[in-house]
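# Let's see this in three dimensions:
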Amino acid sequence: MTQYHFCYKINKLILWLRLISFLALSQNLLHAQNREIHSQNALKESQNIQKSGMIVLGSWATLNIFSGSIGFFNSSGNVKYFHQMNSAWNLVNLGIAGFGYRGATRLDLSVDYNSALKELQSFERILFINTVLDLAYVGTGAWLWKRGLNKSSDRQIGYGKSLVLQGGFLLVFDAALYLIHQKRTQSLLQISENLQFNGTSLVISF
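Here you go, the predicted model:
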């Protein structure tokens, strides 16, 4: 009788160990599946944000190229140079917008969680660096504008005004894009925190 109870307890222990192992394995599988689904969704949203951003930048560039070209031939003094710099500056912006949009369309949406997170964080680093550069553009423009006033230079005044305008636009553009995109990255980072296992059941909170 004692041997029977001992065997029963051993079998029961083995059963519980198997159940715990099964639950742990199920947790890991569901966790991995959940992360992959969210990774692909986050990367798709990032792609849409990047494409929309490049469309906005391209539209701004196109508007400035046309208005700057017309203004250059129909104005004089510092206004003439203001339009000249607007056109030249936005030829570069148009190229950046084109390459940026092309790059966004080529994003691999089937990558794993770590690769997706790395991709999102890489884009945000670029936006952060651009924001710092934008501040430098505005500062340089303000300095050039003031220098032009002191030296009565229409060219420097016009170029300075243009740099302040273009740098100011890019500052708002990059900062807004960064804040919008950061929400997607933070959402991806919180996936592991939202997945909990209480010992008897798996709880996924959204």
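# Residue ranges in the chain under the pLDDT threshold?
1-37, 191-206 (pLDDT under 70).
# Buried residues in stretch 164-181, which are they?
164, 165, 166, 167, 169, 170, 171, 173, 174, 177, 178, 181 (16 or more other CB atoms under 10 Å). For glycine as for every other residue, the C-beta is placed from the backbone atoms N, C-alpha and C.
# Distance from the chain centre to it, please.
Its chain's C-alpha centre and that of stretch 164-181 lie 12 Å apart, by CA atoms, centre = their mean, to the nearest Å.
# same thing with stretch 161-172?
21 Å.
# Pull the number of nearby residues for the residue nearest to residue 162 when sequence neighbours are not counted.
Counting by CB to CB, 6 or more residues apart in numbering, residue 85 is the residue found nearest to residue 162 once chain neighbours are left out, at 3.6 Å. When neighbours are counted by other CB atoms under 10 Å, residue 85 registers 23.
# What residues sit buried inside the one helix or strand residue 85 maps to?
For residue 85, the element it lies in under DSSP states H and E is helix 77-105. By 16+ other CB under 10 Å, the buried positions in helix 77-105 come out as 78-87, 89-90, 93-94, 97, 100-101, 104.
# Stretch 180-192 too?
181, 184, 185, 188, 191.
# So the residue nearest to residue 162 sits against residue 163, correct?
Yes. Using CB atoms under 8 Å, residue 85 is in contact with residue 163, at 7.0 Å.
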